[in-house]
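Undergrad: I would like to see how this sequence folds:
(one chain, ligands or ions: 2)
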Amino acid sequence: MKLGIVIPCYNEEEVLAETKKHIEKLINKMIEENEISKDSFICFVDDGSKDKTWDIIEEFSKNSPNFKGIKLSRNFGHQNALIAGLMQLKDSVDALISMDADLQDDISVIKQFVAKYKEGYEVVYGVREDRSKDTTFKRATAEAFYKFQDFMGIESISNHADYRLLSKKALNALAEFKEINLFIRGVIPLIGFRSCSIYYARGERFAGESKYPFKKMLFFALDGIASFSIVPLRIITVIGFFIFLFSLFIILWILCEKFLLGSTIQGWSSVMISIYLMGGIQVMSIGIIGEYVGRVFQQSKGRPRYIIDREI
Ligand code: UDP
Ligand code: MG
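TA: Ligands and ions are numbered 1, 2, ... in the order given. Next up, the predicted model:
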């Protein structure tokens with residue numbers, strides 16, 4: 001079985017040497033034990049890093065035949081870098097494993113991934129069982145996100161990020177998804193096939209800092225919702241309908257006030273409240289609709305999700 005490991009990297013000069021050391025050891029051992037073929041490899045995808053990341057990747061591939069590299073022409077973001085690696089390499093392997101460069105995901109479970117593949121699973125999810133090493137903030141926001149996704153009717157695997165094995169069959173299915181606002185972990189359950197999860201404890205990033213600042217995380221979460229669910233649009237419709245019903249009563253009340261009771265000048269507060277309330281709801285609704293229109297706009301342009309500069 002020929003295995004490939006795809007690792008997107010963005011400004012990861014501080015961690016690459018260490019990551020290489022660990023993963024090389026593991027791969028060599030697996031080759032020795034005949035679990036994977038000799039031509040299995042590790043491919044780093046440089047996502048337009050501004051530091052020495054690409055030079056380091058080049059160095060690796062010069063010194064060892066098991067290391068490859070793909071350099072993107074600029075920073076396309078984690079998901080696009082990952083899809084670039086998966087799509088470029090899928091035809092030359094039996095299965096690909098994707099993981100982060102910072103060794104936060106326990107690499108010793110790769111053996112179990114491969115064992116599951118051999119049992120006939122096409123998709124093997126790595127699931128973080130223990131996130132105690134993550135910051136409280138990251139844990140809390142992640143948890144809220146999974147709950148919200150669930151509420152929106154999106155099928156997802158909680159606490160699974162992008163650490164997984166995909167067989168060639170699964171990769172070919174993934175290639176059929178041409179989405180621009182890519183949220184890979186949301187697409188994978190949609191391709192079906194036999195799948196299972198492997199549990200592990202998530203570690204700490206051992207050097208450098210997270211390449212996912214809060215803003216990136218927020219927009220990523222938005223992709224994860226708006227690319228998979230039209231529930232937000234439905235909520236707007238429902239809210240609008242109830243406001244409409246409510247306004248019928250209000251109209252009735254106003255007419256009564258005017259014609260039966262004759263006491264109209266009053267109600268500064270009710271006017272103010274409704275202006276602000278309605279204004280808020282309208283702007284929010286337009287915003288949500290805009291999110292979807294924006295996606296249609298981006299998709300209709302059909303721009304490439306990644307552009308490759310060099311491959312080694
Ligand atoms: N990454 C990338 N492009 C980006 C941002 C991140 O390729 O624009 C890579 C990064 O190098 C790492 C992985 O995505 O291998 C996950 O990033 P990180 O570990 O910083 O995220 P966190 O673990 O904090 O969620
Ligand atoms: Mg990380």
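
Undergrad: okay, now the unreliable bits of the protein?
TA: Scanning the chain for pLDDT under 70 picks out 263-266, 268-269.

Undergrad: ligand 1 contacts on that one?
TA: Neighbours of ligand 1 within the chain, by C-beta under 6 Å from any ligand atom: 8-10, 12, 47, 75, 77-78, 81, 100-102, 104, 205, 210-212. C-beta: built from backbone N, CA, C; applies to glycine.

Undergrad: those: which ones sit near ligand 2?
TA: Near ligand 2, judged by C-beta under 5 Å from the ion, the entries from the residues of the chain next to ligand 1 are Asp100, Asp102, Gln104, Arg205.

Undergrad: which of the residues you listed has the most neighbours?
TA: Among these, the one with the most neighbours (other C-beta atoms under 10 Å) is Asp102, at 23 neighbours.

Undergrad: contact partners for it?
TA: By C-beta atoms under 8 Å, 6 or more residues apart in numbering, the contact set of Asp102 is Glu12, Val15, Thr19, Arg205, Phe206, Ala207, Gly208.

Undergrad: mind checking which of the ones next to ligand 2 among the residues of the chain next to ligand 1 are in helices?
TA: If you go by DSSP state H, those have nothing in helices.

Undergrad: and the residue in the stretch 151-300 of the chain that ligand 2 sits nearest to, how far from Tyr212?
TA: For the stretch 151-300 of the chain and ligand 2, the shortest gap (C-beta to the ion) falls at Arg205, measuring 4.8 Å. According to C-beta to C-beta, to the nearest Å, Arg205 and Tyr212 sit 11 Å apart.

Undergrad: same thing with Lys52?
TA: Computed as C-beta to C-beta, the Lys52 to Tyr212 distance reads 21 Å.

Undergrad: what of Gly85?
TA: Counting by C-beta to C-beta - Gly85 and Tyr212 are separated by 18 Å.

Undergrad: looking at the two, which one has more neighbours?
TA: Shown here are Gly85 and Tyr212; by other C-beta under 10 Å, Gly85 has more neighbours (26 against 13).

Undergrad: hmm, Gln299 is touching Glu179, no?
TA: Yes: using C-beta atoms under 8 Å, Gln299 is in contact with Glu179, at 7.2 Å.

Undergrad: out of those two, which sits in the busier spot?
TA: Glu179 (18 against 14).

Undergrad: residue nearest the centroid of this protein?
TA: For the chain, the residue lying nearest the average C-alpha position, counting by C-alpha atoms, centre = their mean, turns out to be Phe183 (3.9 Å).

Undergrad: would you confirm that that one contacts Phe220?
TA: Yes: here Phe183 reaches Phe220: they are 7.2 Å apart, a contact under C-beta under 8 Å.

Undergrad: please identify the helix or strand for His22.
TA: In this assignment (DSSP states H and E), His22 forms part of helix 16-32.

Undergrad: return that helix as PDB; C-alpha atoms alone will do.
TA: What follows is helix 16-32, C-alpha atoms only, in PDB (Å, rounded to 0.1, in the frame of the first residue of the first chain):
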ATOM      1  CA  LEU A  16       9.400  21.800  10.200                       C
ATOM      2  CA  ALA A  17      12.700  20.200  11.300                       C
ATOM      3  CA  GLU A  18      11.100  18.700  14.300                       C
ATOM      4  CA  THR A  19       8.000  17.600  12.400                       C
ATOM      5  CA  LYS A  20      10.200  16.000   9.800                       C
ATOM      6  CA  LYS A  21      12.300  14.100  12.300                       C
ATOM      7  CA  HIS A  22       9.300  12.500  14.000                       C
ATOM      8  CA  ILE A  23       7.300  11.700  10.900                       C
ATOM      9  CA  GLU A  24      10.400  10.300   9.100                       C
ATOM     10  CA  LYS A  25      11.100   8.000  12.000                       C
ATOM     11  CA  LEU A  26       7.500   6.700  12.000                       C
ATOM     12  CA  ILE A  27       7.400   6.300   8.200                       C
ATOM     13  CA  ASN A  28      10.700   4.400   8.100                       C
ATOM     14  CA  LYS A  29       9.500   2.100  10.800                       C
ATOM     15  CA  MET A  30       6.300   1.400   8.900                       C
ATOM     16  CA  ILE A  31       8.200   0.700   5.700                       C
ATOM     17  CA  GLU A  32      10.500  -1.600   7.600                       C
END
